[in-house]
Structures are given as C-alpha cells and as structure tokens.
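J.: missing the sequence, but the structure's below:
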DNA sequence: GTCTATATGGGGATAGAC
DNA sequence: GTCTATCCCCATATAGAC
C-alpha cells in the first residue's frame, strides 16, 4: 500500500523545505541577495549544495519564496494595524510607526526587502509588494480625505513618500544602534508622515 | 624630444575615454548596470572589449566614473536651483520640481542612479550621493525653520522623504508617458513636498 | 534523498600579434 | 594602442554513487 507518501514522510519533507527557507532567509538578512550563493545557503542549512534542488527548481525560485514569506508578513502586519479602530489619522500614524519600527528592528531583512540588489525575479516581486505597501497607506489616506480629516491630495504620492522615507532611513545608518535615538527617529518620522498627509497640526 | 606626449596625443586619448564613458552611460541608461557587460559597453563604443582596459583598470572603475558624472550633474543642478533667489519655501518647491522633472525626463538614467541593482562599488557611491541630495534638501528646510516659515522638524527626515518619493515615482510607471499626466504628477509631488515640510497651506 | 564530483556557461581580465 | 583569442574564476545546475 505504499502507493503514496505517508503523512510522516510528507511532513519530513515539508520540514526540510521550511528549514531551507529559514536558512536562506537568515543568509539573505546577513549578507544580502548578491552574496547568498546556493553554496552559502546550503551550508547554512547544513545540507549539500546539490540537495537544494530537491526542494526548489532553481535558485531564483528559492529566492522568490524567501522574499514572499518575509514581505507577506509585513503586508499582513501593516494591513492589520491600518485597519484597527481609530480615525484615519491615528491609524496612519500607528501604521507608519509599526512599519518603521519593524524595519529598524530587523534592518538586514528590511533592507533586503526594500532596497538591496537582487536578481530580476526578486526585483519583480519587490515591485509588486511595494505597490501593496503603498496601496495600504493610500487606502487610509483616502479615508481621511473622505471623512474631511485630510485635505484633497494624491494619496498614491503621499504613500510613496512614506515608503520612500522609511527606506531612506534604513539605507543610511542614521537612526542606528541605541534605543533612544530610535524612539526619537520614530517620533520624527510619524510627525513627518502626518504633515505629509496634511493632518491638522497638533 | 618625444619624451612626453604631445597635446594632440593627449586630447585624442581624452576623447577616446570620454567617448567610452558616454557609451557606457547610454548602455546603463538603457539596460541597467547588471546587463551592462564590458562587451556590451565596448560594442556600443565601437571598440574591442579588451581596449576598455586601456582607459580603466577595471569594470568597476568605469562604472563608478559613469555614476559620478551623472550623479554629479544632478547634485549641481539641484544645488543651483535651491540657492536661487526666493524664500526657502519657494526654493524647496522649485527644487523638488526640477529634480523630479529631470528624473522623469530621463527615467533610465535616474533609475540607474537612484535604485537599479548595481555592483558594490557603485552602491557605495550611491550612498554618498544620496546623502548629498538629502543634505541639499535639508539645508533649505533648515533655512525655512530659521526664518519662521516652517515648523520645527528633523530636516534630514523630510529630505529623505522627498528623495524617496521621487524614487518611488520612478520605480513604478505611474506617471509615465504623456506630458499631461507628467505635469499633474509634478504638481502633486510639489504639493506633497510642501505639506511634508509643514509649509503654510495655500 | 542526500551526498560527491563534475559539467556548463558567462563574464572579467590578460597576452601577444599587428 | 587596438585587436583577437584565450584564460580563469565562479556560481548554477546536473549525474551518478550510496
């Protein structure tokens, strides 16, 4: 009756695959896409380079999976925060803060997701996910306009500016290191975001 | 007395080098850094691949030179515009407009300068020039604060947002093609920039 | 299924003729 | 000084043993 895999076999394979993805994610976080060779990833996962191809048909396929997992988590979190109770202005402030805080807490990964040189397959995914981040920000801006809390504006551009600002902060180790400057940076970033969207001055 | 090069020889060499840089710039503009192989660049310049190494010690050295020329022009222009007569707010508006307009008029090059995947040597230059763009924007913001035209704020973050917004617009073919949408886009971008810096509402 | 060993291909860089 | 031809390295991907 061994005409198909037992659940145990399946979960072993799944686990190996997940382990590989996790290892690849950590390599990318540490050294970036360009330095994340198949050999380096396999070493990190504790398997042979050739064995990678038991789980993914190509390096690009693995890279895309790594990207989707990580970027998907951020979209998920941002979407949740932006839809929590509160006025659109409050939610925008909270969304920017959480987005930036998470990025600053995991700079390596955030940089990989937002900016690091990557092969074309990942680049295409990145475009897609950047649009999603922007769409989420734009949504709450539009709500703010409808409710009369924000002035008429192109929400897409405002959203682009917000994404760009966070990215820029990550690129330049400006708000690096210690927690105190991080908090100050977040405060300023949120203040900028609210001005950017035209929220009433506090 | 042929113990040193004649002026004519020197200018011939200079010209060949300049021609090579120009060809490399156009290749990078069209296909990006990653596709700009030595062979492709040499073909474009009408010389053999090996001859490239008469002018540059490595591909990276050529790439860095291409980057510096192009990015340097933008810094120059932005600096000039931001220092023309007018209030800081007026100059900021004009600076953002010119910066974005130039980028939109030469998307390929702007994308290469701001965002396209590139080898590490170019990446390092990019960091440096991004800081310069930001410093220029930040300077005018600080002036605005001193003159009481803008509220207290972290000018670096505002400047980062401005750079990021322009970059984002370039990445996503949102304001593509025809002149009408371009103008509308620029208007919105400038409006966003002024809100971002906290300029009084018009 | 995972290993070792190797094939394959591309791009940067060099050598030597002209 | 420029060309042609080639070398060399590295990374992906595959083949076959275990």
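T.: Sure, I can see it. Quick caveat, the model's predicted, so the values are computed rather than measured.

J.: how far does the lowest-mean-pLDDT helix or strand in chain A sit from the chain's center?
T.: Ranked by mean pLDDT, DSSP states H and E, the weakest helix or strand in chain A is helix A:7-31, scoring a mean of 91. Offset of helix A:7-31 from its chain centre (Cα atoms, centre = their mean, to the nearest Å): 19 Å.

J.: Stretch A:124-131 too?
T.: Stretch A:124-131 sits 10 Å away from the centroid of its parent chain (Cα atoms, centre = their mean).

J.: residues contacting residue A:147?
T.: A:87, A:88 (Cβ atoms under 8 Å, 6 or more residues apart in numbering or on different chains). (Each C-beta comes from the backbone N, C-alpha and C, glycine too.)

J.: So which elements touch the least confident helix or strand of chain A?
T.: Using 3 or more Cβ pairs under 8 Å, 6 or more residues apart in numbering or on different chains; DSSP states H and E, the elements in contact with helix A:7-31 are helix A:38-45, helix A:59-82, helix A:107-114.

J.: Nearest to chain B among these would be which one?
T.: Closest to chain B of the helices and strands packed on helix A:7-31, according to Cβ to the nearest Cβ: helix A:107-114, at 10.1 Å.

J.: and the least confident helix or strand of chain A with DNA strand D, contact?
T.: No - applying Cβ under 7 Å from any atom of the strand, one finds helix A:7-31 separated from DNA strand D by no less than 10.7 Å.

J.: in that helix, what's buried?
T.: Across helix A:7-31, burial judged by 16 or more other Cβ atoms under 10 Å in any protein chain shown covers A:20, A:21, A:23, A:24, A:25, A:26, A:27, A:28, A:29.

J.: Turn the helices and strands packed on helix A:7-31 into a markdown table, including distance to residue A:14, mean pLDDT and mean neighbour count.
T.: Output for the helices and strands packed on helix A:7-31, formatted as a markdown table (distance: least, Cβ to Cβ, whole Å; pLDDT from 0 to 100; neighbours: other Cβ atoms under 10 Å in any protein chain shown):
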| stretch | distance to residue A:14 | mean pLDDT | mean neighbour count |
| --- | --- | --- | --- |
| helix A:38-45 | 14 | 97 | 18 |
| helix A:59-82 | 13 | 98 | 17 |
| helix A:107-114 | 23 | 95 | 21 |
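
J.: Pipe those into a markdown table and attach distance to DNA strand C per row.
T.: Output for those, formatted as a markdown table (distance: least, Cβ to the nearest atom of the strand, whole Å):
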| stretch | distance to DNA strand C |
| --- | --- |
| helix A:38-45 | 7 |
| helix A:59-82 | 13 |
| helix A:107-114 | 23 |
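
J.: Can you lay out those as CSV showing distance to residue B:35?
T.: As requested, the helices and strands packed on helix A:7-31 are exported to CSV (distance: least, Cβ to Cβ, whole Å):
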stretch, distance to residue B:35
helix A:38-45, 22
helix A:59-82, 16
helix A:107-114, 22
